[in-house]
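**Student:** Provided below for reference: sequence and predicted model.
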Amino acid sequence: MSGTETRPIIVIKKIGGHGGHHGGAWKVAYADFVTAMMALFIVLWLMNSSKKIQEAVGGYFRDPSGKGKLAGTSVTGTGENKGAGKDSIVASKENMAKLKEDLQAAMNKVQDLNKLKSQIEMTVTAEGLRIELLESATGTFFDSGIPEPNQRGKEALTALAKELGAVPYKISIEGHTDSNPLARHGGEYGNWELSVDRANNARRLMQQSGLRADQVVQVRGYADQQLRKPAAPLDPSNRRISLIVQYPAKNSGTDSNRDSAKGPDKESAKDPDKDSPK
């Protein structure tokens with residue numbers, strides 16, 4: 001080969017890369033890391049929260065469904081106050097919502113009440129589960145001016161008593177009338193007396209049908225002072241019996257509990273059998 005001959009130029013190309021696909025294992029590791037961090041922050045939050053919240057969280061993991069408490073045989077639901085009985089179990093709106101479903105299912109089993117389903121309303125409120133037996137023009141739980149429940153009223157109250165007697169909650173019973181004036185026995189028996197007597201008769205029947213002797217803490221009569229429909233004071237739905245399944249009191253030593261322990265309100269201390277219209 002002569003000195004003037006040109007040598008061929010050789011170009012070497014190097015292919016770069018990351019050494020091939022390494023899969024998605026990093027995603028699993030990252031998810032585990034995020035989960036661990038979330039668990040850490042939850043633990044730190046619980047350590048700085050109140051004892052009530054700690055007991056509630058612990059109670060949930062011990063009894064997630066809450067059925068043990070609703071059956072009245074367990075105090076491991078959402079926590080309990082030390083030194084207190086089953087009535088001191090802290091109730092939540094979830095517990096009351098579950099109780100509402102159970103009561104509605106029980107009422108559906110009473111065949112004679114099928115036509116009155118729309119007149120039995122249950123609502124979870126700030127004071128507990130409110131159950132109202134509302135009257136209509138065609139369906140009543142009490143005959144006009146009569147303090148004792150009729151057959152439909154007895155069936156509804158009996159069905160409710162059997163279910164409520166199994167739960168550890170206190171109950172208040174209210175009687176309400178419409179604004180149609182009632183004057184009997186020379187004006188001595190009116191809507192006030194009728195509302196109290198209906199509530200007290202409902203209490204008596206329910207305690208005979210399943211409620212515990214110490215379960216009812218208040219019996220109140222409001223006459224027409226708390227109308228359901230103030231714009232229509234004569235509407236039949238203003239005539240009603242209200243049952244309030246109460247959240248347990250946070251402090252059993254409060255004045256309200258001491259007053260409740262004394263028994264029914266002053267008006268409800270009357271004997272309805274004495275003043276009932278003949």
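**Tutor:** All right, it came through fine.

**Student:** When you work out contacts or count neighbours from here on, use the C-alpha atoms and nothing else.
**Tutor:** Will do.

**Student:** quick one: Glu132 and Glu188, what's the gap?
**Tutor:** Separation of Glu132 from Glu188 (CA to CA, to the nearest Å): 28 Å.

**Student:** Next, count neighbours for Pro147.
**Tutor:** 23 (other CA atoms under 10 Å).

**Student:** Also Lys162?
**Tutor:** Other residues close to Lys162 by other CA under 10 Å number 18.

**Student:** So which of Glu132 and Glu188 has more stuff around it?
**Tutor:** Taking other CA under 10 Å, Glu132 and Glu188 do not tie; Glu132 has more neighbours (21 against 12).

**Student:** Now do the SS call for that one.
**Tutor:** Per DSSP: H, G, I helix; E, B strand; the rest coil, the secondary structure class of Glu132 is strand.

**Student:** Would you tell me what helix or strand the closest residue to it other than its chain neighbours is located in?
**Tutor:** Among residues not flanking Glu132 along the chain, Ser242 sits closest, at 4.4 Å (CA to CA, 6 or more residues apart in numbering). Using DSSP states H and E, Ser242 sits within strand 240-246.

**Student:** who's in contact with that strand?
**Tutor:** By CA atoms under 8 Å, 6 or more residues apart in numbering, the surrounding residues in contact with strand 240-246 are 127-135, 169-177, 198-199.

**Student:** taking the residues you listed one by one, which sit in strands?
**Tutor:** Residues of those located in strands (DSSP state E): 128-134, 171-176.

**Student:** With respect to Val219, which of those is nearest?
**Tutor:** Closest to Val219 out of these is Ile173 (4.9 Å), distances taken as CA to CA.

**Student:** doesn't Ala199 make contact with that closest one?
**Tutor:** Yes. The pair Ile173 / Ala199 is scored as a contact, 5.9 Å apart, by CA atoms under 8 Å.

**Student:** More neighbours: these two, which one.
**Tutor:** Using other CA under 10 Å as the criterion, Ile173 and Ala199 rank with Ala199 on top: 29 against 25.

**Student:** For His193, give its distance to Lys93.
**Tutor:** Slight slip there: residue 193 is Glu, not His. For Glu193, the distance to Lys93 (CA to CA) stands at 34 Å.

**Student:** for Gly165, same thing?
**Tutor:** In terms of CA to CA, Gly165 sits 19 Å off from Lys93.

**Student:** Look up the pLDDT of Asn251 for me, please.
**Tutor:** For Asn251, the pLDDT comes out at 50.

**Student:** which residues of the chain score low on pLDDT?
**Tutor:** 1-5, 13-23, 63-92, 111-112, 185, 249-278 (pLDDT under 70).

**Student:** need the helices for the stretch 1-150 of the chain, in chain order.
**Tutor:** Counting by DSSP state H, counting those that start in this stretch, the stretch 1-150 of the chain has helices at residues 25-47, 51-62, 67-70, 93-108.

**Student:** which of the ones you listed sits most buried?
**Tutor:** A comparison of those by mean neighbour count, using mean count of other CA atoms under 10 Å, puts helix 67-70 on top with a mean of 19.
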